[in-house]
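Chemist: The following comprises the amino acid sequence and a computationally predicted model.
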Amino acid sequence: MNPEDFAALLAPEGRALLDSLHDYDPAREIAVATRLRREHPAGLVSAALGQARLRQRAVVKFGAEDARRMYFTPGGGEMATRAAVAAYRAERIAALGVRSVADLCCGIGGDALALARAGIRVLAVDRDPLTVAVARANAEALGLADLIEVVEADVTEVDTTGYDAVFIDPARRGGRGRIFDPEGYSPPLSWAVETARAAKWAAIKIAPGIPHEAVPAEAEAEWISDGGDVKEAVLWFGTAPGAIRATLLPGPRSLRTEDPLPDPGAGPVGRYLYEPDGAVIRAHLVAEVAEQLGGRLIDPTIAYITADELRPTPYATAYEITDVLPFGLKKLKALLRERGVGILTVKKRGSAIEPEELRKKVKPQGPNSATVILTRVAGAPSMLIGAPARVPER
């Protein structure tokens, strides 16, 4: 899709055509396209069908109500911030007293929309003409155009001095896929950091795999998960220099420290095993959770916590362990058959075996369920058998 095709979608005929495709079945696309081309230009039909597919995919990230009104580019929908994460960050920015934000590398406008919904005036900047047109259309579609000004420009040339805060979301994908070197971002992380340092408040969205040593000393580093999946990391400037934070959504629930604990010791597997949330692991806050649980690691190199007592925590999922065995497919298959386990959940950390590969080999059958955790215990490949623990309410 080019800017001209998109402009046609925004015209009355295009809007009506797109509205008619709200519930269309992609499996019937050829038949639908053939029918629609009898009444509409072929280019417009192709653009509308493409947009309808993108809207359907976006429901998971933006929710049905917004996704059916928004517009997307193929890459823009994938790279946009999940609505729940954008809303959390916008609320945190608003709590600082920020009333205006320069959103640099705004993409299709996901963060700009969340900021505007938090009552913040936004300058949204991107250099791609089609992306800019989509971001502007999204502001209008969701009734937020009065708060969002969308500008086509090179973000490195934009004057942000008139804004309370700066939000920067550098592009982390290139022609060959994901970019792992922060200096390969567009613009590079070094430029984003210098721009952030010049602002009173700033936030830089980065990949969650960023090395801790790459975090500037004056920044607060936050790792965010949503529903257990780690979505992103954020470098905050003007908040709490040197702090480390893991935030779990929905909630939010945040675990924060400015003085990280040393790695906890390792010991034998107890009655309970705790799997820390991915944001906790990325933030290197496993020791803090272990201290809360009175627990220890099962191996110095594995982020599983074990304890003899069950304690509630939002920062880890608990399992009650019934068996700790050396790794062995025959032994596992016999145990599962003996217990009539047909519903098998496989988790792994520190094991080369893939869950689906294991299921195919052990062929679970029966009415009962179990969880097998493939990992290392004191350096040895091991299997932990159990089930999700019923954590007592506070």
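Modeler: Perfect, I can see it now.

Chemist: Any regions of the stretch 51-200 of the chain where pLDDT drops low?
Modeler: Residue ranges of the stretch 51-200 of the chain with pLDDT under 70: 174-177.

Chemist: residues of stretch 228-248 that come out buried?
Modeler: Residues of stretch 228-248 classed as buried by neighbour count (16 or more other Cβ atoms under 10 Å): 230-239, 243-248. C-beta: built from backbone N, CA, C; applies to glycine.

Chemist: To clarify, my last question referred to stretch 345-354.
Modeler: Quick answer for stretch 345-354 (16+ other Cβ under 10 Å): 346, 347, 349, 350, 351.

Chemist: bridging residues for the second one?
Modeler: Listed beta-bridge partners, residue 347: residue 373 (assigned using DSSP bridges).

Chemist: Please report how far it lies from residue 267.
Modeler: According to Cβ to Cβ, to the nearest Å, residue 347 and residue 267 sit 20 Å apart.

Chemist: And for residue 220?
Modeler: Here residue 220 is placed at a distance of 33 Å from residue 267 (Cβ to Cβ).

Chemist: With neighbour numbers in mind, choose between the two.
Modeler: residue 220 (21 against 15; other Cβ atoms under 10 Å).

Chemist: Make sure the more buried one is indeed in a helix.
Modeler: No: counting by DSSP: H, G, I helix; E, B strand; the rest coil, residue 220 is not found in a helix; it is strand.

Chemist: Correct me if wrong: it contacts residue 236.
Modeler: Yes: assessed by Cβ atoms under 8 Å, residue 220 is found in contact with residue 236 at 4.1 Å.

Chemist: the helices in the stretch 151-300 of the chain, which residues?
Modeler: Ranges of helices in the stretch 151-300 of the chain, per DSSP state H, counting those that start in this stretch, are 189-197, 278-282, 286-293.

Chemist: Would you format these as a markdown table with mean neighbour count and distance to residue 54 included?
Modeler: Converted to a markdown table, the helices of the stretch 151-300 of the chain look like this (neighbours: other Cβ atoms under 10 Å; distance: least, Cβ to Cβ, whole Å):
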| stretch | mean neighbour count | distance to residue 54 |
| --- | --- | --- |
| helix 189-197 | 18 | 28 |
| helix 278-282 | 23 | 27 |
| helix 286-293 | 20 | 38 |
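
Chemist: would a markdown table of those with distance to residue 145 be doable?
Modeler: Listed next are the helices of the stretch 151-300 of the chain as a markdown table, based on distance: least, Cβ to Cβ, whole Å:
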| stretch | distance to residue 145 |
| --- | --- |
| helix 189-197 | 26 |
| helix 278-282 | 34 |
| helix 286-293 | 44 |
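
Chemist: So for residue 130, which of those sits nearest?
Modeler: Across the helices of the stretch 151-300 of the chain, residue 130 has its closest neighbour in helix 189-197 (23.3 Å, Cβ to Cβ).

Chemist: Show me what that closest one packs onto, helices and strands only.
Modeler: Other elements packing on helix 189-197 under the criterion 3 or more Cβ pairs under 8 Å, 6 or more residues apart in numbering; DSSP states H and E are strand 165-168, strand 201-206, strand 229-237.

Chemist: export those strands to CSV and tack on distance to residue 326?
Modeler: Below are the helices and strands packed on helix 189-197 laid out as CSV (distance: least, Cβ to Cβ, whole Å):
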stretch, distance to residue 326
strand 165-168, 49
strand 201-206, 40
strand 229-237, 31
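
Chemist: just so I know, which of these lies nearest residue 52?
Modeler: Using Cβ to Cβ, the nearest of those to residue 52 is strand 229-237, at 25.7 Å.

Chemist: what's the angle between that closest one and strand 201-206?
Modeler: 140 degrees (axes from the mean of the first three to the mean of the last three Cα atoms, to 10 degrees).

Chemist: can you list contacts of strand 229-237?
Modeler: Strand 229-237 has contacts (Cβ atoms under 8 Å, 6 or more residues apart in numbering) with 81-82, 85, 89, 193, 196-197, 199, 201-208, 210, 215-216, 218-225, 278-279, 282.

Chemist: and residue 92, what helix or strand is that in?
Modeler: Using DSSP states H and E, residue 92 falls within helix 83-95.
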